[in-house]
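J.: Curious how this folds, go ahead:
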Amino acid sequence: MTVSDRALDILRTTFGHAEFRGPQREIVDHVSAGGDALVLMPTGGGKSLCYQIPALVRRGVAVVVSPLIALMQDQVAALTQLGVRAAFLNSTLDMEQARAVESAFSRGQLDLLYVAPERLTTPRCLDLIDRAQVALFAIDEAHCVSQWGHDFRPEYLQLSLLHEKFPSVPRIALTATADPQTREEIIQRLALGEARVFVSSFDRPNIRYTIVDKADARTQLLRFIRGEHDGDAGIVYCLSRRKVDETAHWLQGQGIAALPYHAGMDAASRNEHQARFQREDGIVVVATIAFGMGIDKPDVRFVAHLDLPKSVEGYYQETGRAGRDGLPANAWMAYGLGDVVQQRRMIEGSDAGEAYKRVASAKLDALLALCESVQCRRVQLLAYFGEPAEPCGNCDTCLEPPQTWDATEAARKALSTIYRTGQRFGVVHLIDVLRGRTSERLLRWDHHRLTVFGIGADTDDTQWRNVFRQLVALGYAEVDHEAYGALRLTESARPILRGEQQVQMRRSLETKAPKKVRGRSAAPAPAGAADEDLLARLKAWRLEEARRQAVPAYVILHDATLAAIAQSAPADLAGLSEISGIGQKRLERYGEAVLDVVRSARG
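T.: Numbers count the residues shown, from 1 in each chain. Model (predicted):
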């Protein structure tokens, strides 16, 4: 049997899939034959198989560098279900447990060992590796090596030593998030100059992208959850710990099963909330980005942002935690001028060097362009990663094409007001001047005497906020953080003020919601005409089995697998074995129990 045939046999018998997807087979064959690789593949695209199967094909034990404990635990639990000999070394193990894992690794009694980068680079771990037969090194979440990135982990910079100390062992670096600059940085810092680069499509067609004007963000969020995802599992991202706590508490008061998660909580509470999210249905976690790469839950039906992320990469990475099972999911974000001000302030106020600040500003500009786009969100998102695309028909701008308007006069009024007030005031004060409203502060500065006082009285506050937000996003005005958020003009504003340039703006992002389509029906579900009663019974059985084993339900069987069983209702083990996701070990372990559920539903 050739290496390629062996890999396909493992895919079918161990993992329960009939065929490889996309470039998986080419990657598996290349790494199994001893080649180095950099793999860029979207979340849910099957990255793990690209190193797990070569680990089973090659002699020795594969060492997998994984950044988070929760991610390791999920991967090991899932592999153990399939009969793969997997283990991890991390801080959750006591000394005796760690020594047992090290002993099994040294004796070749494991197929895969998951290790954090901090531990891998210690003399003790390197010595352990040096004394064993290593099949390959897999560096997961490889974008963490990028110092310009959203998930930079300093310890990843040391991983180039794998090439120096073990030059004959193949390495595969994998990530779902890397623009061309980040790819080059990964190659350079991990010494992957000779590696083959495999770039899959970054498209996640099952995710619907929606961005709305931030008005009353909590109310907007509640309307979205109740209207689109009542009872579904989801993640809500906030920028601050305080906002996480307040939002989770508020959602609980509205009858939503919401839990907070952030680095300021004690470890026991964080672990409890993460475990509940992974093992229970319908939990909504409100979190900072601390709740990130360790989330391997496939049935997250939505990701919502109440604050603007730092970059397109961050947005893509975070929204990518929805719909890992390939079923329809939603990415929803409320966005306003305050977000822009906050992110600019964070960049300018950081201790980083000027080069980093320039890169961070450029990345934020790219995200603002995505937010303000009147074109297909998916086209713009994929273009950032260097991938051409056609309008998707499944994002807010495709479903409800935004209207644009000639905002030249409004822009000139707004920019003139910034200038006439001395470029020392924020949006609230500027709108008061434009609307002709008197206040103690406005009178104190004699701004009621300015020629711009009241020139925008015919336009409401919401529209003026929209104008100022887009002026900042488009680069005609900027935030002066030393002056507490005051707006000032940029050089780009001059042609507009002189009447030499026209300005087109999009109307409010929240003029009306997209056509009423539940997120789960945004694309055809693979279950087809699945028997809902049978599916409910299968999920109840799975939940009971998961509780018995103290593992997340999706580790037993994924939703997509249960839906396929409910659709076909197999009568015997042979029929069940044809279902994607049912490998040999799962068939042996759960086959008869699943068939009993099918028979009971059929009466």
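J.: elements contacting the helix or strand of the chain with the lowest mean pLDDT?
T.: The helix or strand of the chain with the poorest confidence is strand 477-480; it has a mean of 80 (mean pLDDT, DSSP states H and E). Helices and strands touching strand 477-480, as assessed by 3 or more CB pairs under 8 Å, 6 or more residues apart in numbering; DSSP states H and E, comprise helix 337-349, helix 408-420, helix 461-473, strand 486-489. Glycine gets a C-beta too; all of them are placed from N, C-alpha and C.
J.: Which SSE is immediately downstream of the shortest one?
T.: The helix or strand immediately downstream of strand 486-489 is helix 494-497, counting by DSSP states H and E.
J.: same deal with the first one?
T.: Under the assignment DSSP H and E, the closest C-terminal helix or strand after helix 337-349 is helix 354-372.
J.: quick one: the next helix or strand along the chain from that next one to chain centroid distance?
T.: Sequence order places helix 377-384 as the next helix or strand after helix 354-372, per DSSP H and E. Taking CA atoms, centre = their mean, to the nearest Å, one finds helix 377-384 lying 15 Å from the centre of the chain it belongs to.
J.: Then stretch 437-449?
T.: 46 Å.
J.: got it, and stretch 455-470?
T.: On CA atoms, centre = their mean, the centre of stretch 455-470 falls 33 Å from that of its chain.
J.: Report the mean confidence score over it.
T.: For stretch 455-470, mean pLDDT is 90.
J.: can you pull the buried residues of stretch 163-173?
T.: Buried residues in stretch 163-173, counted by 16 or more other CB atoms under 10 Å: 163, 166, 169-173.
J.: First-to-last residue distance for it?
T.: 12 Å (CA to CA, to the nearest Å).
J.: on that earlier part again, dump the helices and strands packed on strand 477-480 into a markdown table; add mean neighbour count as well.
T.: Conversion of the helices and strands packed on strand 477-480 to a markdown table gives the following (neighbours: other CB atoms under 10 Å):
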| stretch | mean neighbour count |
| --- | --- |
| helix 337-349 | 18 |
| helix 408-420 | 20 |
| helix 461-473 | 21 |
| strand 486-489 | 21 |
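J.: Flag whichever of these has the least confidence on average.
T.: Among those, helix 337-349 scores lowest, at a mean of 83.
J.: Next, the angle helix 354-372 makes with that one.
T.: Helix 337-349 runs at 170 degrees relative to helix 354-372, counting by axes from the mean of the first three to the mean of the last three CA atoms, to 10 degrees.
J.: Name the residues that touch helix 337-349?
T.: Applying CB atoms under 8 Å, 6 or more residues apart in numbering, the contact partners of helix 337-349 are 214, 239, 307-308, 310, 357, 360-361, 364, 368, 427, 465, 468-469, 472-473, 478-479, 481, 485.
J.: Please apply the same query to stretch 274-284.
T.: 70, 74, 225, 231-236, 251, 256-259, 261, 285, 291, 294-295, 297, 539, 543, 546-547, 551-554.
J.: Buried subset of those residues as a ChimeraX selection?
T.: Buried residues within these, by 16+ other CB under 10 Å, are selected in ChimeraX with:
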select :70,74,225,232,233,234,235,236,251,256,257,258,259,261,285,291,294,295,297,539,546,551,552,553,554
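J.: Tell me which of the contacts of stretch 274-284 fall in strands.
T.: The members of these that map onto strands under DSSP state E are 234-236, 258-259, 261, 285.
J.: got CSV for these, with pLDDT and distance to residue 322 too?
T.: Conversion of these to CSV gives the following (pLDDT from 0 to 100; distance: CB to CB, whole Å):
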residue, pLDDT, distance to residue 322
234, 95, 8
235, 95, 8
236, 96, 12
258, 96, 16
259, 96, 17
261, 92, 16
285, 95, 12
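J.: For the residues you listed, which two are the farthest from each other?
T.: Farthest pair in the ones in strands among the contacts of stretch 274-284 (CB to CB) is 234 and 261. Separation: 12.7 Å.
J.: Need the overlap of contacts for these two.
T.: With CB under 8 Å, 6+ apart as the test, residue 234 and residue 261 both reach residue 285.
J.: quick one on the thing from earlier: note down every partner strand of the least confident helix or strand of the chain and its orientation.
T.: strand 486-489 (antiparallel) (DSSP bridges).
J.: Name the residues that touch the partner strand?
T.: With CB under 8 Å, 6+ apart, strand 486-489 has contacts from 415, 418-419, 423-427, 430, 468, 471-472, 476-480, 497.
J.: Residue 406 and residue 502, how far apart?
T.: As judged by CB to CB, to the nearest Å, residue 406 and residue 502 stand 7 Å apart.
J.: mind listing what residue 434 touches?
T.: 413-414, 417, 452, 454-457, 459, 464 are the contacts of residue 434 under CB under 8 Å, 6+ apart.
J.: what stretches of the stretch 351-500 of the chain score poorly on pLDDT?
T.: 481-485 (pLDDT under 70).
J.: The residue of the chain most remote from its centre and residue 417: what is the separation?
T.: Distance from the C-alpha centroid of the chain, by CA atoms, centre = their mean, peaks at residue 449 (50.3 Å). With distances taken as CB to CB, residue 449 is found 13 Å from residue 417.
J.: and what of residue 24?
T.: Taking CB to CB, one finds residue 24 at 57 Å from residue 417.
J.: now do residue 404
T.: Counting by CB to CB - residue 404 and residue 417 are separated by 23 Å.
J.: three-state assignment of the residue most central in space within the chain?
T.: Taking CA atoms, centre = their mean, the centroid of the chain lies closest to residue 318, which sits 2.1 Å from it. Three-state assignment for residue 318 (DSSP: H, G, I helix; E, B strand; the rest coil): helix.
J.: and it, what is it in contact with?
T.: Per CB under 8 Å, 6+ apart, neighbours of residue 318: 235, 237, 289, 292, 303, 305, 309.
J.: any idea which of these is closest to residue 589?
T.: Using CB to CB, the contacts of residue 318 come closest to residue 589 at residue 235, 30.6 Å.
J.: The stretch 201-350 of the chain: helices as residue ranges?
T.: Chain-ordered helices for the stretch 201-350 of the chain, with DSSP state H, counting those that start in this stretch as the definition, fall at 217-228, 241-253, 267-279, 312-319, 337-349.
J.: rewinding a little: what's the closest of the contacts of residue 318 to residue 139?
T.: residue 292 (17.3 Å).
J.: Check what pLDDT the closest one gets.
T.: pLDDT at residue 292 comes out at 57.
J.: any idea which element residue 198 lies in?
T.: strand 196-199.
J.: now for that strand, which elements pack on it?
T.: Looks like strand 196-199 contacts helix 24-32, strand 37-40 (3+ CB pairs under 8 Å, 6+ apart).
J.: what's the most buried one of those?
T.: When the helices and strands packed on strand 196-199 are scored by mean count of other CB atoms under 10 Å, the highest mean neighbour count falls to strand 37-40 (a mean of 24).
J.: hmm, who's touching the helix or strand following that strand?
T.: Downstream of strand 37-40, the next assigned helix or strand under DSSP H and E is helix 49-57. Where contact means CB under 8 Å, 6+ apart, the residues beyond helix 49-57 that reach it are 3, 6-7, 10-11, 14-15, 20, 24, 27-28, 31-32, 37, 39, 41, 61-62, 64, 79, 84, 111-112, 135-136, 138, 140, 170, 172, 174.
J.: If any of these are buried, give me the ChimeraX selection for them.
T.: Here is the ChimeraX command that picks out the buried ones among these, judged by 16+ other CB under 10 Å:
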select :6,7,10,11,14,15,20,24,27,28,31,32,37,39,41,61,62,64,79,84,111,112,135,136,138,140,170,172,174
